[in-house]
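Enquirer: Structure, please.
(4 chains)
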2 protein chains.
Amino acid sequence: MKRYATLKDVAKLAGTTAATVSYVLNEKEGRYISDETRRKVLEAAEQLEYVKSIGASSLKGKSRKLIAILIPQFENQFFTRIVVASEEVFVKHGYDLIICNTFDKPEREKAILNRMIQQRVDGIILTPTKMGTENTKLLRKVGMKMVVVDRPLPGVKDFFWVATNNYGCGFVGAHYLFSKGHKRVAYIGWNSGIEDLEARKRAFFDAADTYGISQDSLIVAEGGFSAEEGCRLTSYVLEKHPEVTAIFYGFNIQALGGVTCLSQRGISIPEELSVMIIGSPEWIMAGKNDFTHVDMNDLELGRKAANLLLSQIQAEGDVPFQHIIQDCSLIEGSSVRDIR
Amino acid sequence: MKRYATLKDVAKLAGTTAATVSYVLNEKEGRYISDETRRKVLEAAEQLEYVKSIGASSLKGKSRKLIAILIPQFENQFFTRIVVASEEVFVKHGYDLIICNTFDKPEREKAILNRMIQQRVDGIILTPTKMGTENTKLLRKVGMKMVVVDRPLPGVKDFFWVATNNYGCGFVGAHYLFSKGHKRVAYIGWNSGIEDLEARKRAFFDAADTYGISQDSLIVAEGGFSAEEGCRLTSYVLEKHPEVTAIFYGFNIQALGGVTCLSQRGISIPEELSVMIIGSPEWIMAGKNDFTHVDMNDLELGRKAANLLLSQIQAEGDVPFQHIIQDCSLIEGSSVRDIR
DNA sequence: TCTGTATAGGCAAACGTTTGCTTATAAGTA
DNA sequence: TACTTATAAGCAAACGTTTGCCTATACAGA
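Expert: Model prediction:
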């Protein structure tokens, strides 16, 4: 690889000094530059294909113009949408995005966060793993600008948080099912070990309660976060609890495996079984599919997170901590039968 | 934001010099360090929460450990899969990924590429827009390590290329349709202005030819790259050419809109109309969907691109240019009726 | 005692920018 | 003429690393 031209190279060709070149190229005011010099500098820079090194200029205190975003699941459209939406905001403000996949593994998260500090990024958007509080300790100590998305940092008092109202999502979905007369309902979920996500399940029980449905008629099946697990859990429910009339999927990746599994078994939705899902992956309304689901407005979540981070970065002093909890909305499809 | 501790800070606390600290922390051999000094340095670094600045060290000729990947459509799973797969490879080798969305807009591409040189990334993976040849001129001149993915750089002789055999994809899909007895078939595609992608359409005609089907019985409808356009084009075909028995979608995003539109119109697949699609987005086999399609092995494409870039980066001298063209495979679903 | 070598670590230049300080000329004003 | 001010641009330090070069001590062998 060839060497990049430096300010000095340009200066030499233009018959001036690096300082002058720097002033010309950065269009800094407060310094007098003759038209003649400006022209020569511009010409020389052009000819040598000069491109400044952000690394070097950031040494002098300039911003690196880099934002890092860490998400736990790249295969989950909920997160890729957050990325897309925030990227749009950042790019508009001249920032580039380093996107990393933690695979929900705490060690990966720790390693990546450390590298992001090494890169001296201007800010971080993070959906923490279950070790997030521990892993962000250093970030919080050095005062790295950070916005936490989706899941909170348990035990931490002050942080910027943009999230979905998980309890609300669970409640609105479950409520709809019960309102259509379903009494034997199974909740399929992810045993993530992440407290905040459990709210979906709690809401499910609470919604049942408002309909006077006892816990005994409710089934809960939890397992790993994958389509395969979704299929396995679904099969389990079908076999052990043939009496259920509806399944409530708390997580869209499991739902994907689950409903595909149902179709393959020839179970017709909603005639034989009703289905409700939290989340809005593309497939949910694609082609022959038309699932009733709870939308979390993923894109808006991403935009809010990006703007919150930018406001921190651009602020002179401290910005007061903020928690933005976004509500969800129920999208009615044709996967829930009215059995009243 | 607090100042990060520097080598000097650590050195002062440990009672030594920056040089020694650097040697200790980088575990460089060839320099004698007493256990006592090492201990003190490590302790001081720990205490001050020292994190090295990659920016500064890259000034001294060290790699920045950054790879950029530019894709044109973030909402297209074909590309996000390439990103995921290559990320895994890169991270394993200690590289971070800057992921950017060009939105298929040449100006964006140009601006982003320029910023990537400013960031002095170690290499770039790029799916070029139609102005790619022009926009990568500088990159090629400065000898930036680069792998082009999916679409070629027309007019450029030497570049690393990892792509799908677009002609092959078109042929295998079309061939299958004709083999099932379809004679009046519509091809719905994207008028991208990108030569290489046109191969899909050419293959469609060629496949028809091998079955002795004349051009007159074939329909071509082309438009923009979006689900909405897919729906519009589909409606157009249905209305203007009710005689078609099958639709061949050349691009998955258009297909999404198209088949959803078909379902909403109550047209049953494959009883009333057969459908073939190039690409394997998640929805294609999800839930009630089971579309016959042409798989491009997106993940493998990403892995190959990443490895090709790494081999360039790690090589001492020049690596011979390479074109890797990957074949596709037909996945049989239930969306094509046998009407022989 | 002298030389050689293994061990330990300091000093300072360099990487490519940015910017405060300084100098030099020309033109305007008292 | 002397003093100010506007215009133009050079010099060098600094940012945080890395690394070649040098110095110093200790101990071994001759």
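Enquirer: for the helix or strand harbouring A:Phe205, packing partners?
Expert: Under the assignment given by DSSP states H and E, the secondary-structure element containing A:Phe205 is helix A:199-210. Other elements packing on helix A:199-210 under the criterion 3 or more C-beta pairs under 8 Å, 6 or more residues apart in numbering or on different chains; DSSP states H and E are helix A:166-179, strand A:185-190, strand A:218-223. Glycine gets a C-beta too; all of them are placed from N, C-alpha and C.
Enquirer: Swap in 10 Å and give it another go.
Expert: With contacts taken as 3 or more C-beta pairs under 10 Å, 6 or more residues apart in numbering or on different chains; DSSP states H and E, helix A:199-210 sits against helix A:166-179, strand A:185-190, strand A:218-223, strand A:246-249.
Enquirer: between it and strand A:185-190, how many degrees?
Expert: 170 degrees (axes from the mean of the first three to the mean of the last three C-alpha atoms, to 10 degrees).
Enquirer: Write out the residues of the stretch 51-200 of chain A neighbouring DNA strand C.
Expert: Residues of the stretch 51-200 of chain A lying close to DNA strand C (C-beta under 7 Å from any atom of the strand) are A:Val51, A:Lys52, A:Ser53, A:Ala56, A:Ser57, A:Leu59, A:Lys60, A:Gly61, A:Lys62.
Enquirer: The residues you listed also near chain B: which ones?
Expert: Restricting those to those adjacent to chain B (criterion: C-beta under 10 Å from any C-beta of the partner chain) gives A:Val51, A:Lys52, A:Ser53, A:Ala56, A:Ser57, A:Leu59.
Enquirer: Who are the contact partners of the closest residue to the third one other than its chain neighbours?
Expert: By that I understand A:Ser53. Nearest residue to A:Ser53, sequence neighbours excluded (C-beta to C-beta, 6 or more residues apart in numbering or on different chains): B:Arg120, at 5.7 Å. Residues counted as contacts of B:Arg120 (C-beta atoms under 10 Å, 6 or more residues apart in numbering or on different chains) are A:4, A:51-56, B:55, B:58-59, B:63-64, B:66, B:144.
Enquirer: deepest of the helices and strands packed on helix A:199-210, which one?
Expert: For the helices and strands packed on helix A:199-210, ranked by mean neighbour count under the definition mean count of other C-beta atoms under 10 Å in any protein chain shown, the leader is strand A:246-249 at a mean of 29.
Enquirer: got the CA positions of whichever helix or strand comes after it in PDB?
Expert: Stepping forward along the backbone from strand A:246-249, the first helix or strand reached (DSSP H and E) is helix A:252-264. Listed in PDB are the C-alpha atoms of helix A:252-264, where the atom choice follows Å, rounded to 0.1, in the frame of the first residue of the first chain:
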ATOM      1  CA  ASN A 252     -40.200 -12.900  17.600                       C
ATOM      2  CA  ILE A 253     -37.300 -15.200  16.900                       C
ATOM      3  CA  GLN A 254     -38.900 -18.000  18.800                       C
ATOM      4  CA  ALA A 255     -42.200 -17.100  17.200                       C
ATOM      5  CA  LEU A 256     -40.600 -17.600  13.700                       C
ATOM      6  CA  GLY A 257     -39.600 -21.200  14.600                       C
ATOM      7  CA  GLY A 258     -42.900 -21.800  16.300                       C
ATOM      8  CA  VAL A 259     -45.300 -20.700  13.600                       C
ATOM      9  CA  THR A 260     -43.300 -22.400  10.900                       C
ATOM     10  CA  CYS A 261     -43.400 -25.500  13.000                       C
ATOM     11  CA  LEU A 262     -47.200 -25.200  13.300                       C
ATOM     12  CA  SER A 263     -47.600 -24.800   9.600                       C
ATOM     13  CA  GLN A 264     -45.500 -27.800   8.900                       C
END
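Enquirer: Name the residues of helix A:252-264 that come out as buried.
Expert: A:Asn252, A:Ile253, A:Gln254, A:Ala255, A:Leu256, A:Gly257, A:Gly258, A:Val259, A:Thr260, A:Cys261, A:Leu262, A:Ser263 (16 or more other C-beta atoms under 10 Å in any protein chain shown).
Enquirer: what's the spacing between the residue nearest to the fourth one when sequence neighbours are not counted and A:Leu126?
Expert: It refers to A:Ala255. The shortest distance from A:Ala255 to any residue that is not its chain neighbour, by C-beta to C-beta, 6+ apart, is 3.6 Å, and that residue is A:Tyr249. From A:Tyr249 across to A:Leu126, the span is 26 Å (C-beta to C-beta, to the nearest Å).
Enquirer: tell me the strands in the stretch 51-200 of chain A, going along the chain?
Expert: A:66-71, A:96-101, A:123-126, A:146-149, A:160-164, A:185-190 (DSSP state E, counting those that start in this stretch).
Enquirer: what about the fourth one, near chain B?
Expert: Translated: strand A:146-149. No: in terms of C-beta under 10 Å from any C-beta, no part of strand A:146-149 sits within range of chain B; the closest distance is 10.9 Å.
Enquirer: Just the mean pLDDT for that strand, thanks.
Expert: Mean pLDDT, taken over the full extent of strand A:146-149, equals 98.
Enquirer: chain center to that strand: distance?
Expert: 9 Å (C-alpha atoms, centre = their mean, to the nearest Å).
Enquirer: what pairs with that strand, and is each one parallel or antiparallel?
Expert: If you go by DSSP bridges, strand A:146-149 pairs up with strand A:123-126 (parallel), strand A:160-164 (parallel).
Enquirer: and the angle from the helix or strand of chain A with the lowest mean pLDDT to strand A:66-71?
Expert: The least trusted helix or strand in chain A, going by mean pLDDT, DSSP states H and E, turns out to be strand A:96-101, with a mean of 90. In terms of direction (the same axes, to 10 degrees), strand A:96-101 departs from strand A:66-71 by 20 degrees.
Enquirer: by contact count, what packs against whatever helix or strand A:Ser22 lives in?
Expert: In this structure, A:Ser22 sits in helix A:18-25 according to DSSP H and E. The elements that helix A:18-25 packs onto, with contact taken as 3+ C-beta pairs under 10 Å, 6+ apart, are helix A:7-14, helix A:35-48.
Enquirer: winner for burial among these?
Expert: Neighbour counts (mean count of other C-beta under 10 Å) averaged over each of the helices and strands packed on helix A:18-25 peak at helix A:7-14, with a mean of 19.
Enquirer: Now find how far off-centre that one is within its chain.
Expert: Centre-to-centre, helix A:7-14 and its host chain are 45 Å apart (C-alpha atoms, centre = their mean).
Enquirer: For it, give me every contacting residue.
Expert: With C-beta under 10 Å, 6+ apart, helix A:7-14 has contacts from A:3, A:5-6, A:16-22, A:24-25, A:37-50, A:52-53, A:56.
Enquirer: That one and DNA strand C in contact?
Expert: Yes: Helix A:7-14 reaches DNA strand C (C-beta under 7 Å from any atom of the strand) through A:Leu7, A:Lys8.
Enquirer: quick one, that helix and helix A:18-25 angle?
Expert: Orientation of helix A:7-14 against helix A:18-25 (the same axes, to 10 degrees) gives an angle of 90 degrees.
Enquirer: what pLDDT, on average, does helix A:7-14 get?
Expert: 96.
Enquirer: and the angle for that helix with helix A:35-48?
Expert: 120 degrees.
Enquirer: sorry, back to before: just say which of the strands paired with strand A:146-149 is most tucked in.
Expert: strand A:123-126 (a mean of 26).
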